[in-house]
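In: Here's a sequence, model it:
(one chain, ligands or ions: 1)
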Amino acid sequence: MKLLVCGGAGYVGSHCVRRLLAGGHEVVVFDNLCAGHREAVPASAGFVEGDLADADLLRRTLDGGGFDGALHFAAFLNVGESVNVPLKYYRNNVANTLNLLEALEASGVRRIVFSSTCAVYGEPPEMPIREDLPKNPINPYGTTKLAVEWMLRDACAAWGLGAVALRYFNAAGASADGVIGEDHDPEIHLIPLVLQVALGQREKIFIFGTDYPTPDGTCIRDYVHVEDLAEAHLRAIEGVAPGRFEAFNVGTGRGNSVREIIAAAREVTGHAIPAEETDRRPGDPPMLYAAPDKIGARFDWAPRYTEVRETIATAWAWHRANPRGFGK
Ligand code: UFG
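Out: Modelled structure (predicted):
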């Protein structure tokens, strides 16, 4: 297939681009490089530097381009910022996705895979999280992702779009061959921050909250390897059902606490990684981990990385080889 990958220069997007190419697909990346890295896009992929706000450029790219489908990763993802500047998130994550859907409709593209998030569930009433649990996002980031799911659902019903929303849990790790990895600026995610301590770029890691109702008092998350996410996208875009909207959790089904992540990173890096306990970060649910059975049944997908230590090891290999990230 010929596939447009919006946000294909970003962390999850770039790992997916490599998997799609390896699967024999033709890929054109559409990315404004506000968070993505040109260096993360393989030379064998086409590249359009553009913003989804630019509806004309989208139309020019899609019209007559012979595309069979699209994957959409382009979004802002800083939960804390989304609380303070919500309209920035609605503009980019929702309004710009509307541009994309209109351009897909106009150009006859009827297949899309969308990056959604476990943040659509907010603070779920039970664990593990199944797809049919209530969707009650507790921050604008999660709300914007849920709003896009609704747009997709309605477009599927109206004009025959087939859409899959993949609700990721915590994306982690780097490509096993060490070629690409995670490089956010600013970095806000636990595993890369911990590894920056091991690299000597930070003095210590702050543990946000030690009084959660969890066995060791720190938050529990489901860290899913980015190459497992990439495999899920490949299977989803190949298996999209025409005219249907489907949503799937993509996680390992296992949770690890913040303390467990730090301990695993100490083992992997051999560094002491000093940690300081501090207050809770607002808006953090105590525990989030997936029931990944639905995607297993539908796309025969299962995570290859089930030990978070191995996931951290791939991230560490990349960070150690690229201590300043891409192109620096
Ligand atoms: N944490 C710390 N110290 C840090 C950073 C994080 O203790 O310096 C803790 C957090 O409080 C949280 C856990 O580590 O309990 C993981 O935090 P991340 O920021 O790495 O990731 P989140 O769980 O906050 O991820 C959320 C949603 C995802 C979403 C992502 C977008 O769960 O669905 O934000 O940034 F995609």
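In: How about the secondary structure of L20?
Out: helix (DSSP: H, G, I helix; E, B strand; the rest coil).
In: in the sheet, who's paired with the nearest residue to it once chain neighbours are set aside?
Out: Nearest residue to L20 in three dimensions, chain neighbours excluded: V27, at 5.3 Å (Cβ to Cβ, 6 or more residues apart in numbering). Where you see a C-beta, it was placed from the backbone N, CA and C, and this is true even at glycine. Beta-bridge pairing for V27 (DSSP bridges): L3.
In: tell me, how many neighbours does V27 end up with?
Out: 24 (other Cβ atoms under 10 Å).
In: Could you name the helices and strands sitting against the lowest-mean-pLDDT helix or strand in the chain?
Out: In the chain, no helix or strand scores lower on mean pLDDT, DSSP states H and E than helix 79-84, which sits at a mean of 94. The elements that helix 79-84 packs onto, with contact taken as 3 or more Cβ pairs under 8 Å, 6 or more residues apart in numbering; DSSP states H and E, are helix 86-89, helix 140-159.
In: Please point out which parts of that helix sit buried.
Out: Neighbour-count burial for helix 79-84, with 16 or more other Cβ atoms under 10 Å as criterion, is recorded at V79, E81, S82.
In: Tabulate the CA atom coordinates of it in CSV.
Out: Extracted in CSV, the C-alpha atoms of helix 79-84 (Å, rounded to 0.1, in the frame of the first residue of the first chain):
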residue,chain,number,x,y,z
VAL,A,79,-0.5,16.4,29.7
GLY,A,80,0.4,19.2,32.1
GLU,A,81,0.7,21.8,29.3
SER,A,82,-2.7,20.7,28.0
VAL,A,83,-4.3,21.7,31.3
ASN,A,84,-2.8,25.1,31.1
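In: quick one: contacts of that helix?
Out: For helix 79-84, contacts defined as Cβ atoms under 8 Å, 6 or more residues apart in numbering pick out 76, 88-89, 119, 139-142, 144, 188, 281-283.
In: Quick one: neighbours of the closest residue to the ligand within the chain, just the number.
Out: Of all residues in the chain, the one sitting closest to the ligand is C219 (3.0 Å; Cβ to the nearest ligand atom). As a burial measure, C219 scores 25 neighbours (other Cβ under 10 Å).
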